[in-house]
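Participant: quick one, what's the 3D model for this:
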Amino acid sequence: MNTVRLTMAQALLRFLNNQYMEIDGVEHKCFKGVMGIFGHGNVTGIGQALEQYKDEMLFIQGKNEQGMAHAAIAYAKQKNRLEMFACTSSIGPGALNMVTAAGVASVNRIPLLLLPGDIFASRQPDPVLQQIEYPLDYTVTANDAFKPVSKYWDRINRPEQLMTAAINAMRVLTDPAETGAVTLCLPQDVQCEAYDYPASFLAKRVHHLDRKPAAASAVSRAAELLAGKKKPVIIAGGGVHYSLATDALREFAETFGIPVVETQAGKSAIAWNHPLGFGGVGVTGTQAGNRLAAEADVLLCVGTRLSDFSTASKTAFRSADVEFINVNVSPLDAYKLDGVTVVGDAKEALGALSAALKERQYAAAYDAEALASLKREWDAEVDRLYAAENGEGLAQTRVLGEINGFLGERDVIVCAAGSLPGDLHRVWRVTQPKTYHMEYGFSCMGYEVSGAFGVKLADPDREVYALVGDGSYLMLHSELVTSLQEGRKINVLLFDNHGFQCIHNLQRGHGSDGFGNEFRVRSGEGGQLGGDFMPVDFAAHARSLGAVTFTARTPEELRDALERAKRETRSTLIDIKVLPGTNTDGYDSWWHVGVAEVSESDKVQQSYAQLQEKLSDIRKY
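Facilitator: Below you'll find the model as predicted:
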């Protein structure tokens with residue numbers, strides 16, 4: 001047998017560098033490179049290997065382990081899960097910083113390979129720096145925290161174990177139904193140990209993403225159900241993008257006259273100005289989309305995990321005879337809402353279902369003018385929100401209108417948390433796929449700046465804009481420095497509304513007067529956070545990091561800042577002073593959150609009574 005003697009870390013990198021994915025006859029190199037922060041536990045092992053192979057694998061130096069992993073997630077998401085970065089860290093806190101990102105990846109079904117350092121497998125130097133000594137199980141380390149948020153987890157205690165672990169890692173990373181975070185824990189002594197690895201293990205390996213066809217019987221059942229319905233609605237999820245099925249979805253909708261609504265992950269699957277595109281659905285949905293969903297007698301759910309936001313906590317669908325057809329490559333998602341399950345690739349399934357419906361000469365029974373009127377009504381509402389005036393300052397919807405009007409069709413926006421995702425899902429007008437990048441499976445605060453950097457790595461020829469609230473920016477903005485270091489320009493549009501205003505609104509909407517969510521100074525000794533707003537100059541902060549910065553308090557200043565930022569060649573930040581409470585809300589939507597059953601507040605008691613009334617009307621699935 002032909003073998004190559006390498007350390008475990010060297011063999012791992014050689015292996016990763018030779019992995020490819022193929023779909024529809026096109027090969028994609030799986031790993032663009034490795035993002036990392038070195039410390040004890042990885043610097044002399046995988047760090048040495050990265051230095052040795054620096055001309056073969058790109059290394060990007062992260063500034064925060066969670067931030068760099070978010071960037072890796074955004075890169076893979078923008079690349080439709082066909083290319084990715086691995087992330088390496090030291091042991092202990094360096095590794096644990098990536099646990100949140102692992103959750104983001106797994107919930108969103110995005111491939112992410114994590115390579116945290118670990119304690120000595122030999123146990124001879126125990127306890128080493130940053131080792132957690134769990135007295136009931138000495139094999140437990142900080143890296144065991146990755147188990148609940150990983151789709152595959154392994155610890156490589158001998159160098160030859162790498163071969164089984166690496167193959168299993170690729171099995172999950174390339175599986176469209178089961179992908180997510182993969183964690184390979186690397187004990188620091190084993191990283192440096194040598195083994196005679198078979199050359200076949202290190203050779204080029206192509207993972208074929210064969211499109212999984214839906215079973216003919218499942219397609220027949222779905223077609224039979226659809227054929228008996230008059231008011232179908234398509235819910236487009238993120239799987240439409242990952243299946244490269246946006247054209248197939250549009251053609252399907254046009255063929256049968258079926259309106260399309262979108263989840264956060266699915267948005268941009270159809271252009272906002274398409275006659276059958278009705279925007280978001282659910283808690284953050286449009287008035288038009290939610291009205292169609294409420295009246296639908298069947299929902300064709302394509303590539304969506306049907307979260308509570310997409311279903312408005314299962315209140316969005318109100319027709320007495322409503323039924324569901326779930327087209328999904330994942331059986332877990334296909335079985336939701338007690339729907340007709342069509343397990344298979346979205347593009348393949350839509351093609352098969354289209355053929356079956358054509359045989360039945362099916363067409364939806366919508367009145368074209370009624371649909372057009374519904375769309376015009378919503379478009380007028382967005383125009384009104386985009387033009388909102390407030391004598392006290394900038395309304396958030398006005399800011400979005402100015403930004404949306406300025407950006408080009410190919411520019412990409414990135415967002416994740418706060419009140420902005422709701423507004424963007426409702427009012428952002430997008431015409432091109434992959435220009436709306438929203439992480440809303442985990443809605444992870446701090447994803448935005450790192451995500452923008454990852455998107456810029458994936459699409460260097462596009463302008464990329466991170467839309468981020470001040471709360472999210474304060475949580476994690478580290479990879480702004482990395483974008484400057486790498487010469488990858490991103491634009492941070494920071495909405496400064498003095499706190500966690502999204503949750504402040506949710507709190508007050510359920511009986512509270514507001515507590516602990518605004519960035520105010522403490523009023524007096526022992527007092528509450530009820531003083532003046534904290535005067536934070538975010539432009540000065542970002543400027544100190546090396547970014548080009550601007551401040552906008554008026555529409556005119558915002559337009560000028562956007563123009564000037566676009567001409568810059570390095571990363572920019574615009575500090576936009578936004579009035580709290582000027583976001584969108586409502587539009588025939590509801591979100592189920594817990595309310596205190598017992599309270600001294602009359603308003604909280606009233607809110608609890610309203611919740612019980614609402615719950616009594618919810619259809620149980």
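Participant: top helix in this structure by residue count?
Facilitator: helix 368-386 (DSSP state H).
Participant: tabulate the CA atom coordinates of the very next helix or strand once past that one in PDB.
Facilitator: Following the chain from helix 368-386 toward its C-terminal end, the next helix or strand by DSSP states H and E is helix 396-406. Written as PDB, here are the backbone C-alpha positions of helix 396-406 (Å, rounded to 0.1, in the frame of the first residue of the first chain):
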ATOM      1  CA  GLN A 396     -36.700  53.300  10.600                       C
ATOM      2  CA  THR A 397     -38.900  52.600   7.700                       C
ATOM      3  CA  ARG A 398     -37.800  55.900   6.000                       C
ATOM      4  CA  VAL A 399     -34.200  54.900   6.400                       C
ATOM      5  CA  LEU A 400     -34.900  51.500   4.800                       C
ATOM      6  CA  GLY A 401     -36.700  53.200   1.900                       C
ATOM      7  CA  GLU A 402     -33.700  55.500   1.300                       C
ATOM      8  CA  ILE A 403     -31.300  52.500   1.400                       C
ATOM      9  CA  ASN A 404     -33.500  50.300  -0.800                       C
ATOM     10  CA  GLY A 405     -33.800  53.100  -3.300                       C
ATOM     11  CA  PHE A 406     -30.000  53.600  -3.400                       C
END
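Participant: the inter-axis angle of helix 396-406 versus helix 368-386?
Facilitator: 110 degrees (axes from the mean of the first three to the mean of the last three Cα atoms, to 10 degrees).
Participant: where does this protein dip in pLDDT?
Facilitator: For the chain, the stretches with pLDDT under 70 are 526, 619-621.
Participant: ok, for the residue minimising distance to the centre of it, nearest residue in space, not its chain neighbours?
Facilitator: Of all residues in the chain, the one closest to the mean position by Cα atoms, centre = their mean is Glu439, 2.2 Å from it. Nearest non-adjacent residue to Glu439, counting by Cβ to Cβ, 6 or more residues apart in numbering: Ala416, 4.2 Å away. In short, each C-beta sits where N, CA and C put it, glycine included.
Participant: then Lys147?
Facilitator: In space, Lys147 is closest to Trp153, 5.1 Å off (Cβ to Cβ, 6+ apart).
Participant: what count of nearby residues applies to the one you found?
Facilitator: If you count neighbours by other Cβ atoms under 10 Å, Trp153 ends up with 22.
Participant: report the beta-bridge partners for it.
Facilitator: Beta-bridge partners of Trp153, counted by DSSP bridges, are Thr183.
Participant: ok, it touching Ala165?
Facilitator: No - look at Trp153 against Ala165 with Cβ atoms under 8 Å: they stay out of range, at 9.8 Å.
Participant: just give the number of residues close to the residue nearest to Glu439.
Facilitator: 30.
Participant: quick one: residues contacting it.
Facilitator: Met438, Glu439, Tyr440, Phe442, Ser443, Cys444, Met445, Gly446, Tyr447, Glu448, Gly451, Ser472 (Cβ atoms under 8 Å, 6 or more residues apart in numbering).
Participant: may I ask which of these has the most neighbours?
Facilitator: Using other Cβ under 10 Å as the neighbour test, the contacts of Ala416 are led by Glu448, with 35 neighbours.
Participant: and that residue, what does it touch?
Facilitator: So Glu448 contacts Val414, Cys415, Ala416, Ala417, Ala466, Leu467, Val468, Ser472, Tyr473, Val492 (Cβ under 8 Å, 6+ apart).
Participant: how about the fourth one: what's its closest non-neighbour residue?
Facilitator: This means Ala417. Per Cβ to Cβ, 6+ apart, closest to Ala417 is Met445, 4.3 Å.
Participant: quick one: secondary structure of the one you found?
Facilitator: Here Met445 takes the coil state, with states given by DSSP: H, G, I helix; E, B strand; the rest coil.
Participant: that one reaches Met475, doesn't it?
Facilitator: Yes - assessed by Cβ under 8 Å, Met445 is found in contact with Met475 at 4.9 Å.
Participant: endpoint to endpoint, stretch 561-580 covers what distance?
Facilitator: 21 Å (Cα to Cα, to the nearest Å).
Participant: buried sites along that stretch?
Facilitator: Buried residues in stretch 561-580, counting neighbours by 16 or more other Cβ atoms under 10 Å, are found at 561-562, 565-566, 571-580.
Participant: now do that stretch: distance to the chain's middle.
Facilitator: 23 Å (Cα atoms, centre = their mean, to the nearest Å).
Participant: between the contacts of Glu448, which has the most around it?
Facilitator: So for these (other Cβ under 10 Å), the most neighbours sit at Ala466, 33 neighbours.
Participant: run me through the strand neighbours of the helix or strand that one falls within, direction for each.
Facilitator: Under the criterion of DSSP H and E, Ala466 resides in strand 464-469. Sheet pairing of strand 464-469 (DSSP bridges) gives strand 412-415 (parallel), strand 491-496 (parallel).
Participant: what's it in contact with?
Facilitator: Strand 464-469 is contacted from outside by 403, 407, 411-415, 417-420, 424, 448-449, 451-452, 455-456, 489-497, 500-502, using Cβ under 8 Å, 6+ apart.
Participant: rerun that using 7 Å as the cut-off
Facilitator: Strand 464-469 has contacts (Cβ atoms under 7 Å, 6 or more residues apart in numbering) with 407, 411-415, 418, 420, 448-449, 451-452, 455-456, 490-495, 497.
Participant: cool, stretch 226-234 as well?
Facilitator: Identification of contacts with stretch 226-234 by Cβ under 7 Å, 6+ apart yields 253, 258-261, 292-293, 295-300, 302, 325, 357, 360, 362, 364-366.
Participant: before we move on, what about stretch 610-621?
Facilitator: Contact with stretch 610-621 is made by Lys314, Thr315, Leu337, Asp338, Trp590, Val595, as judged by Cβ under 7 Å, 6+ apart.
Participant: quick one: secondary structure of the residue lying closest to Ala293 once chain neighbours are set aside?
Facilitator: Distances taken as Cβ to Cβ, 6+ apart place Ala316 nearest to Ala293, at 4.7 Å, with adjacent residues excluded. Assigned by three-state DSSP, the conformation of Ala316 is coil.
Participant: need the contacts of Ala416 in CSV (columns: distance to Arg522).
Facilitator: Formatted as CSV, the contacts of Ala416 follow (distance: Cβ to Cβ, whole Å):
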residue, distance to Arg522
Met438, 35
Glu439, 33
Tyr440, 33
Phe442, 31
Ser443, 29
Cys444, 28
Met445, 23
Gly446, 25
Tyr447, 30
Glu448, 28
Gly451, 33
Ser472, 23
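Participant: so what does the strand or helix carrying Asp247 touch, helix or strand wise?
Facilitator: If you go by DSSP H and E, Asp247 is part of helix 246-256. If contacts are counted by 3 or more Cβ pairs under 7 Å, 6 or more residues apart in numbering; DSSP states H and E, helix 246-256 sits against helix 346-359.
Participant: make it 8 Å
Facilitator: Under the contact definition 3 or more Cβ pairs under 8 Å, 6 or more residues apart in numbering; DSSP states H and E, helix 246-256 sits against strand 232-236, strand 260-262, helix 346-359.
Participant: export it as PDB, just CAs?
Facilitator: Only the C-alpha atoms of helix 246-256 are listed here, as PDB (Å, rounded to 0.1, in the frame of the first residue of the first chain):
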ATOM      1  CA  THR A 246     -35.600  29.700  -8.100                       C
ATOM      2  CA  ASP A 247     -36.300  29.500 -11.900                       C
ATOM      3  CA  ALA A 248     -38.200  26.200 -11.400                       C
ATOM      4  CA  LEU A 249     -40.300  27.800  -8.700                       C
ATOM      5  CA  ARG A 250     -41.200  30.800 -10.700                       C
ATOM      6  CA  GLU A 251     -42.100  28.700 -13.800                       C
ATOM      7  CA  PHE A 252     -44.300  26.500 -11.600                       C
ATOM      8  CA  ALA A 253     -46.100  29.400 -10.100                       C
ATOM      9  CA  GLU A 254     -46.600  31.000 -13.600                       C
ATOM     10  CA  THR A 255     -47.800  27.700 -15.100                       C
ATOM     11  CA  PHE A 256     -50.600  27.200 -12.600                       C
END
